[in-house]
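Engineer: for reference, the sequence and a predicted model appear below.
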Amino acid sequence: MAHQNTFHLTIASVGETRYDGAAVSATLPGTAGEFTILAHHEPIVTTLKPGTITVREGGGESKQFEIESGVLECSGSRVVVLL
């Protein structure tokens with residue numbers, strides 16, 4: 001179960017899940033500029049441009065994902081990125 005300071009993040013494209021788990025933060029390339037999602041973020045839906053998604057996990061580890069485009073939806077403690 002997700003810790004209080006984490007949220008559930010899913011990064012997926014058709015036929016492939018690139019990340020599915022708890023995250024402390026996710027920094028994404030939004031079409032209006034780079035932004036970071038943290039736990040308890042206000043609900044948002046936005047488009048993404050080519051760049052890198054950086055996911056910080058609870059143990060201090062980071063993972064990076066190169067993307068071409070996508071859509072992010074943040075609602076409650078769940079964030080979904082569709083590529």
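Structural biologist: Okay, I see it.

Engineer: next, the contact list for the most centrally placed residue in the chain, please.
Structural biologist: For the chain, the residue whose C-alpha lies nearest the mean C-alpha position (CA atoms, centre = their mean) is residue 26; its distance is 4.7 Å. Contacts of residue 26 were listed using CB atoms under 8 Å, 6 or more residues apart in numbering, and they are 9, 36, 37, 53, 54, 55, 56, 79, 81. C-beta here means a position set from N, CA and C on the backbone, and glycine is covered the same way.

Engineer: let's see 7 Å
Structural biologist: Contact partners of residue 26, counting by CB atoms under 7 Å, 6 or more residues apart in numbering, are 9, 36, 37, 53, 55, 79.

Engineer: show me the two of these that sit farthest apart.
Structural biologist: Across the contacts of residue 26, the two members that end up farthest from each other (CB to CB) are 9 and 36, 12.2 Å apart.

Engineer: of the two, who's got more company?
Structural biologist: Under the neighbour definition other CB atoms under 10 Å, residue 9 and residue 36 were set side by side, and residue 9 has more, 24 against 11.

Engineer: how many neighbours does the nearest residue to that one once chain neighbours are set aside have?
Structural biologist: Closest residue in space to residue 9, ignoring its immediate chain neighbours: residue 23 at 4.2 Å, by CB to CB, 6 or more residues apart in numbering. Taking other CB under 10 Å as the neighbour definition, residue 23 ends up with a count of 23.

Engineer: residue ranges in this protein under the pLDDT threshold?
Structural biologist: Using pLDDT under 70 as the threshold, the predicted model of the chain has low-confidence ranges 1-3.

Engineer: ramachandran angles for residue 49?
Structural biologist: Backbone torsions of residue 49, given as degrees, to the nearest 10, read phi -110, psi 170.

Engineer: isn't it up against residue 32?
Structural biologist: No. Taking CB atoms under 7 Å as the contact criterion, residue 49 and residue 32 are not neighbours in contact, 9.1 Å apart.

Engineer: of the two, who's got more company?
Structural biologist: Between residue 49 and residue 32, counting by other CB under 10 Å, residue 49 is the more crowded of the two (15 against 8).

Engineer: who's in contact with that one?
Structural biologist: For residue 49, the contacting residues are 29, 31, 69, taking CB under 7 Å, 6+ apart as the criterion.
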